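Chemist: Quick one, fold the following:
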Amino acid sequence: MAQQPNLALRHLRLMTLLEGGSLIALVAIAMPLKYLAGMPEAVSAVGPLHGVLFLWTMAVLAITLYRRLLPVHHGAVVAVAAFIPFGGLVSHRLVRRRIQATA
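Modeler: Below is the predicted model:
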């Protein structure tokens, strides 16, 4: 019987999608609304949400690295990808593959 994937890795996989999606919403929707349509409220709403999701993702990443559930070079990829729009998709795939490898 295969063991269930670690909860921390599954949590990280979810957070990479949420954080990546919030970055895309911030860069592709909220910032253009602010600068092209004069609606700064969009950034005021999405910006703090993205900030919280980013910090949460980095905390979960730190936990997975501390527990040695993810190799350090994979952790570096996840951390760098958090700064790149659509990087969350790369991180999600990388963590998903790690979960499958450990299952």
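Chemist: Only C-alpha atoms from now on, for both contacts and neighbour counts.
Modeler: Noted.
Chemist: Which pLDDT does the model give residue 1?
Modeler: Note on residue 1: pLDDT of 37.
Chemist: do residue 6 as well
Modeler: On the pLDDT scale, residue 6 gets 86.
Chemist: Quick check: it vs residue 70, distance?
Modeler: 11 Å (Cα to Cα, to the nearest Å).
Chemist: Quick check on these two: which one has the bigger neighbour count.
Modeler: Neighbours were counted for residue 6 and for residue 70 using other Cα atoms under 10 Å; residue 70 has more, 19 against 13.
Chemist: residues near residue 23, how many?
Modeler: Around residue 23 there are 27 residues (other Cα under 10 Å).
Chemist: distance of it from residue 96?
Modeler: 20 Å.
Chemist: Longest helix in the chain, by number of residues?
Modeler: Identified as the longest helix of the chain according to DSSP state H is helix 41-66.
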